[in-house]
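Student: This is a predicted model, with the sequence first.
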Amino acid sequence: MRWALVKVCLAVTTMVVVAFAVPLGLVVKEMARDRAFSNAEREAAAVAPALSITTDRDKLERVVASAGADSGMAVHLPAADGRAALDLGRQRAAHRDIEAVRKLGRASTTSVTGGSTLLQPVALSSGTAVVEVYVPESEVSNGVGTAWAVLAGVGLALIVGSVAVADRLGVRMVRPAQRLVEGAHELGEGKLGARVPEEGPNELRLAAVAFNSMADQVVQLLANERELAADLSHRLRTPLTVLRLNAASLGGGPAAEQTRTAVAQLEREVDTIIRTAREAKPQTAAAGPGAGCDAAEVVRERMEFWSALAEDEGRKWRVAGVERPVRIPVARADLAAALDALLGNVFRHTAEGTAFAVDVHNGEDAVIVLVSDAGPGIPDPEAAMARGRGSGSAGSTGLGLDIVRRLAEATGGDVRIGSSVLGGTEVRIWFQLDGRGPGGGGRRGAVRRRRPRKLVSTFNRPRSLP
């Protein structure tokens, strides 16, 4: 917009300067010509009185010498009283031009080598004499070049000045628009404190006011949402207290101990949700170099928890790739919650006795966690990934896979659903290790940027269940 305004101003100013400078330059040239010939007419008029008094050659030569410098004047006397025609000075005009002026009796100009001549008739008693005054080309154009240079300089100065003024006006108009765009980008990136100065033209100022009002409303809506999440989570404390008291009265045994452990973990999760909502700080991505957790350790821990329930339901299970530490840039609690969500879906949506497996693949720039089962599969993977739509099964809220997806995208990775070698569903979680944050390439584009070959070759490698 800024450069468009400058271009328009440059074109308009150039046209105006040309429209005025060209005619003015021609007028200057014509004025210089008129000045030169006016001087020639004055010189010719100075000789006319002497011609009316005498026709003596010597006297006329002195008059011509005093009136016209540098042999620039000539006098042509007619023949009279038996005396031949007399020509004084250097003749430059042709005889036919001189005779034409003498016959017509009015002044005339004619072009000659190096300039022009003025032929001025003077009436005498014996006939008509012709005074010839030479006007060189340098005198006709004297001062024209300087005047044209001045006009060109003034025109150039006007063009430069108009461009500078247009540029300043463009900056005044464009800068508020740029700030509005930058503010929109910052707000889109999650910087809720982004605001735009309310300045510039009236339209942009109104747009800035509307943007700031919108940003304030977004902040208020998010604050209300966090408060609502905290309030809803706080309501769970009462039934959790009842569950904890009931679990405490179950006595001993593995089942009772697992129930008490689950209730305690549920209380911790509720407390985490409340703190996160109150503090309004992201708890998904680990911050700082070296932060995160050991994915192998978390997988072993969660599989140990779920293995007891798997044995009760007669499910075969397998875990692989957890022999060595596998660091990922994800908080331990978040990875555990994601695994619990996926394994909970296996137990919730597949029949008893259905086998499942968890595989961890460690690469140079990514870690992949595969959760697969031998169930009937998911008929519509895209619908299952949509927040709040669930898998289509009874009791599904659709939040489990959404939690897993957001956790992976926080590292620059993604989540995909496919068919497993066990015959059912395979959920692949891709955690990026190169430090790229969320939004690096979109939900689907993140995994297509780089894909380690040695990970791809082991995705669907069949392994026997214990």
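Tutor: Cool, the structure landed. Residues are numbered from 1 along each chain as shown.
Student: drop to CA atoms for contacts and neighbour counts, all remaining ones
Tutor: Noted.
Student: you'd agree His322 is up against Ala296?
Tutor: One thing to correct before we go on: residue 322 is Val, not His. Yes: Val322 lies in contact with Ala296 (Cα atoms under 8 Å); the separation is 4.4 Å.
Student: who has more neighbours, the two?
Tutor: The residue with more neighbours, out of Val322 and Ala296, is Ala296; 23 against 19, by other Cα atoms under 10 Å.
Student: Hmm, Val319 and that one touching each other?
Tutor: No: using Cα under 8 Å, Ala296 makes no contact with Val319, being 9.9 Å away.
Student: Tell me where the chain has strands.
Tutor: 73-77, 86-89, 108-112, 115-124, 127-136, 293-294, 317-320, 327-328, 356-362, 366-373, 414-419, 425-432 (DSSP state E).
Student: The first one - contacts with which helices or strands?
Tutor: Right, strand 73-77. In terms of contacts (3 or more Cα pairs under 8 Å, 6 or more residues apart in numbering; DSSP states H and E), strand 73-77 is packed against helix 57-67, strand 86-89, strand 127-136.
Student: Any buried residues in the last one, and which?
Tutor: Within strand 127-136, the residues that count as buried by 16 or more other Cα atoms under 10 Å are 128-136.
Student: what's around Val17, how many residues?
Tutor: Val17 - counted by other Cα under 10 Å - has 17 other residues nearby.
Student: Distance-wise, check it relative to Ile328.
Tutor: 69 Å (Cα to Cα, to the nearest Å).
Student: Tell me where the stretch 101-250 of the chain is predicted with low confidence.
Tutor: Applying pLDDT under 70 to the stretch 101-250 of the chain picks out residues 230-235, 237-238, 241.
Student: follow-up on the earlier one: list residues touching both of Val322 and Ala296?
Tutor: Shared contacts of Val322 and Ala296 (Cα atoms under 8 Å, 6 or more residues apart in numbering): Val360.
Student: buried set for stretch 96-107?
Tutor: Buried-residue list, stretch 96-107, by 16+ other Cα under 10 Å: 98-99, 101-102, 105, 107.
Student: try stretch 134-143
Tutor: The neighbour-count check on stretch 134-143 (16+ other Cα under 10 Å) flags 134-137, 140-141 as buried.
Student: show me where pLDDT drops low in the stretch 251-400 of the chain?
Tutor: For the stretch 251-400 of the chain (pLDDT under 70), the answer is 274-275, 277-291, 386-400.
Student: so can I have JSON lines of the buried residues of stretch 96-107 showing distance to Met214?
Tutor: As requested, the buried residues of stretch 96-107 are arranged in JSON lines below (distance: Cα to Cα, whole Å):
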{"residue": "Ile98", "distance to Met214": "92"}
{"residue": "Glu99", "distance to Met214": "94"}
{"residue": "Val101", "distance to Met214": "90"}
{"residue": "Arg102", "distance to Met214": "94"}
{"residue": "Gly105", "distance to Met214": "91"}
{"residue": "Ala107", "distance to Met214": "86"}
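Student: ok, so of those, who is nearest Ala123?
Tutor: Relative to Ala123, the closest of the buried residues of stretch 96-107 is Gly105; by Cα to Cα it sits at 8.2 Å.
Student: OK, contacts around the closest one?
Tutor: Here Gly105 is in contact with 121, 128 (Cα under 8 Å, 6+ apart).
Student: likewise the one 3 residues further on?
Tutor: Residues near Ser108 by Cα under 8 Å, 6+ apart: 101, 118-120.
Student: That one and Trp317: what is the separation?
Tutor: For Ser108, the distance to Trp317 - Cα to Cα - is 121 Å.
Student: Ok, Arg57 next?
Tutor: Applying Cα to Cα to Arg57 and Trp317 gives a distance of 140 Å.
Student: Over to Pro329?
Tutor: 27 Å.
Student: higher neighbour count, those two?
Tutor: Pro329 (26 against 21).
Student: sorry, back to before: closest to Ala408 out of the buried residues of stretch 134-143?
Tutor: Looking across the buried residues of stretch 134-143 and measuring by Cα to Cα, the closest to Ala408 is Ser141, at 83.4 Å.
Student: Not counting its neighbours along the chain, what's nearest that closest one?
Tutor: In space, and not counting its chain neighbours, Ser141 is closest to Ala32: 6.2 Å by Cα to Cα, 6 or more residues apart in numbering.
Student: residue contacts, Ser419?
Tutor: Counted by Cα under 8 Å, 6+ apart, Ser419 has contacts 377, 425-426.
Student: ChimeraX command for the buried members of the residues you listed?
Tutor: For the buried members of these, the matching ChimeraX selection, counting by 16+ other Cα under 10 Å, is:
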select :377,425,426
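Student: Closest to Asp271 out of the contacts of Ser419?
Tutor: Glu426 (31.5 Å).
Student: Am I right that the closest one is in contact with Val371?
Tutor: Yes: using Cα under 8 Å, Glu426 is in contact with Val371, at 5.7 Å.
Student: residue ranges of the helices in the stretch 201-350 of the chain, please?
Tutor: Secondary structure of the stretch 201-350 of the chain (DSSP state H, counting those that start in this stretch): helices at 202-235, 237-248, 254-279, 295-313, 332-349.
Student: same deal with the stretch 351-466 of the chain?
Tutor: Using DSSP H, counting those that start in this stretch, the helices assigned to the stretch 351-466 of the chain run over residues 381-385, 399-409, 453-456.
Student: Mind naming the longest helix for the chain?
Tutor: helix 2-53 (DSSP state H).
Student: What angle do strand 115-124 and it make with each other?
Tutor: Per axes from the mean of the first three to the mean of the last three Cα atoms, to 10 degrees, the angle that helix 2-53 makes with strand 115-124 is 30 degrees.
Student: angle of helix 2-53 against strand 73-77?
Tutor: 40 degrees.
Student: For the helices of the stretch 201-350 of the chain, please prepare JSON lines with the additional fields distance to Asp365.
Tutor: Shown next, in JSON lines, are these (distance: least, Cα to Cα, whole Å):
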{"stretch": "helix 202-235", "distance to Asp365": "34"}
{"stretch": "helix 237-248", "distance to Asp365": "41"}
{"stretch": "helix 254-279", "distance to Asp365": "30"}
{"stretch": "helix 295-313", "distance to Asp365": "15"}
{"stretch": "helix 332-349", "distance to Asp365": "18"}
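Student: so which of these comes closest to Val165?
Tutor: Nearest of the helices of the stretch 201-350 of the chain (Cα to Cα): helix 202-235, 19.6 Å.
Student: quick one: buried residues of the closest one?
Tutor: By neighbour count on 16+ other Cα under 10 Å, the buried set for helix 202-235 is 204-205, 207-209, 211-212, 215-216, 226-227, 229-230, 233.
Student: what's around Leu156, how many residues?
Tutor: Applying other Cα under 10 Å, I find that Leu156 has 15 neighbouring residues.
Student: and it, how far is that from Ala247?
Tutor: 92 Å.
Student: And Ala383, by the same measure?
Tutor: 37 Å.
Student: Near Arg268, how many other residues are there?
Tutor: By other Cα under 10 Å, the burial measure for Arg268, its neighbour count, is 12.
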